[in-house]
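Engineer: what's the 3D shape of this:
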Amino acid sequence: MSELIRDLTPRQIVAELNQYIIGQHEAKRNVAIALRNRWRRMNAPADMQREITPNNILMIGATGVGKTEIARRLAKLADAPFVKVEASKFTEVGYVGRDVESMVRDLVEQAVNMVRTAKKEAVQVRAQQIVEDLILDILIPPVKGANGGNLVGFSTENSDGVPDSDAELNERTRERFRKKIQSGELDDRKIDIDVHQQSTPNIGVMGGSIDELSMMNIQEMIGGMMPKKGKKRKVTIAEARKIMLDEEAAKLIDMDEVKEEAIQKAQNTGIIFIDEIDKIAASRSGGSGGPDVSREGVQRDLLPIVEGSSVNTKYGVVQTDHILFVAAGAFHVAKPSDLIPELQGRFPIRVELQSLSEDDFYQILREPKNALTKQYEAMLAAEGVTLIFTDESMREMARIAFDVNAEVENIGARRLQTVLSQLLNEFMYDIPDSIPSGSTVEVTKELVQERLSGLVKNRDLSQYIL
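Structural biologist: Alright, predicted model coming up:
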């Protein structure tokens, strides 16, 4: 089971996270330890594996400081199924809305997709060979044998002066066409193929309400009973290869094996990120009834999932005991202590993320692999235009973003998206009409001040806008 998770040390995990996330070292250390602990559990003696439960994490911090990004990057590092949910979208059992078990079903669905994709890649070569044969059968039908039918070509003499049989000629012709298919020479040629579609009727439910899992099971059961319809389509060989490759790869995959492996992956490596958990924290101000009761009801519904329980999914029963839960919230109004004590106890690791400084904004623009500046450089490079940011321009953008956050509303690093968009929108519009391919656009401090002066003025007026 230990092969389900990558063997990364805590320092290696933090080093990887540092490539995408600036600051928040305490949060990175804690999630790195949590991830390594999963590997440690899977390599512990078998009789202890069941007893070692994950240390779930509660992240406290304003919006845009990196809470979601840390959890998402962690899941990517671990090659683990990851689901982000918003606690405020759930409703107490008995009310209309999503029930808390749906987050586990979503996680399993994600795990199934991951495993299925990996299996498809493993059978890709075999599937390609099958697809080539099917396309050749359409272009050059094979000789069926001595009883006749589909004979292609005519007898010729080979190098020894002995006449070729129809079968030999047919095979040589097919091989020539196979090479043409592989080289892409025939990509634009159109052929007729059968595309299989499963007909699933619209399902109406008479009487009372029906829960989400029951509806999924009904749809899957009826879908499985409905025959797959074959539909003729005329497509290019390039399109046919894509369509047929998916179908043939799916046929080579054992879905029972996929389901079993996916459940193991979800149970042992899955990560569920519960955002806005502060929105379901009931106020302790002494009031009774109203929305606080419903919020506490959602917390009590969450409790068994986080503690460890069995959840029915359409792929089988999933145990949640070893799923890692990472909860996050700004906690501007409510406090972590406003959560029910039992739920607090299930998140023993608390990490407070720091608000971003002006220097953090500068580093975010400059350092990460996926920095916004690098994203814009890549987009303009697609047009053949070179985009250059001077160091002073990035410092000026960082200063403006930090000041606007301080005076209007602190939305963290997301403010940089507003800044870059306002700064570069005119260039994005003019390329490639006014700014042709081969041009260079340099962003200077003076340009930033000129283009973003309107943003600063709007900031000053925002207090008067309802």
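
Engineer: now Ile400, nearest residue through space, not along the chain?
Structural biologist: Leaving aside its sequence neighbours, Ile400 sits nearest to Leu452 (C-beta to C-beta, 6 or more residues apart in numbering; 5.4 Å). Backbone N, C-alpha and C define where each C-beta goes, glycine included.

Engineer: how many neighbours does the one you found have?
Structural biologist: 19 (other C-beta atoms under 10 Å).

Engineer: now do the contacts for it.
Structural biologist: Each residue near Leu452 by C-beta atoms under 8 Å, 6 or more residues apart in numbering is listed here: 397, 400, 419, 422-423.

Engineer: 10 Å instead, please
Structural biologist: Residues near Leu452 by C-beta atoms under 10 Å, 6 or more residues apart in numbering: 396-397, 400-401, 404, 418-419, 422-423.

Engineer: what's the distance between it and Glu442?
Structural biologist: 16 Å (C-beta to C-beta, to the nearest Å).

Engineer: Phe427 now?
Structural biologist: Look at Phe427 and Glu442: by C-beta to C-beta, they are 11 Å apart.

Engineer: so which of those two has more stuff around it?
Structural biologist: Between Phe427 and Glu442, Phe427 has the larger neighbour count (other C-beta under 10 Å), namely 19 against 11.

Engineer: which parts of the stretch 151-300 of the chain are strands?
Structural biologist: Ranges of strands within the stretch 151-300 of the chain are 190-198, 228-236, 271-275, based on DSSP state E, counting those that start in this stretch.

Engineer: parallel or antiparallel, list what pairs with the last one.
Structural biologist: Partner strands and pairing direction for strand 271-275 (DSSP bridges) are strand 82-86 (parallel), strand 324-329 (parallel).

Engineer: mean pLDDT added to those strands, as TSV?
Structural biologist: Formatted as TSV, the strands paired with strand 271-275 follow (pLDDT from 0 to 100):
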stretch	mean pLDDT
strand 82-86	92
strand 324-329	93
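
Engineer: and these, which is most packed in?
Structural biologist: Of all the strands paired with strand 271-275, strand 324-329 has the most neighbours on average by mean count of other C-beta atoms under 10 Å, namely a mean of 26.

Engineer: outside of the next helix or strand after that strand, which residues touch it?
Structural biologist: Later in the chain than strand 324-329, the nearest helix or strand by DSSP states H and E is helix 341-345. Contact with helix 341-345 is made by 56, 58, 277, 280-281, 296, 299-300, 302-304, 306-307, 327, 336-339, 350, as judged by C-beta under 10 Å, 6+ apart.

Engineer: just the buried subset of those residues, written out for ChimeraX, thanks.
Structural biologist: In ChimeraX syntax, the buried subset of the contacts of helix 341-345 is picked out as below (16 or more other C-beta atoms under 10 Å):
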select :56,58,277,280,281,296,299,302,303,306,327,336,338,339
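
Engineer: which ones among the contacts of helix 341-345 lie within helices?
Structural biologist: 296, 299-300, 302-304, 306-307 (DSSP state H).

Engineer: quick one: which of the residues you listed is nearest Lys179?
Structural biologist: Closest approach to Lys179 among these (C-beta to C-beta): Val306, at 57.8 Å.

Engineer: the residue lying closest to that closest one once chain neighbours are set aside: what's it in contact with?
Structural biologist: Leaving out its chain neighbours, the residue that sits closest to Val306 by C-beta to C-beta, 6+ apart is Arg346, at 4.5 Å. Applying C-beta under 10 Å, 6+ apart to Arg346 gives the contacts 53-56, 58, 302-303, 305-308, 325, 327, 339.

Engineer: if we go to 8 Å?
Structural biologist: 56, 303, 306-307, 325.

Engineer: what residue ranges in the protein score low on pLDDT?
Structural biologist: Within the chain, the ranges that satisfy pLDDT under 70 run 1-6, 92-98, 143-166, 196-230, 282-293, 455-466.

Engineer: good, wrapping up.
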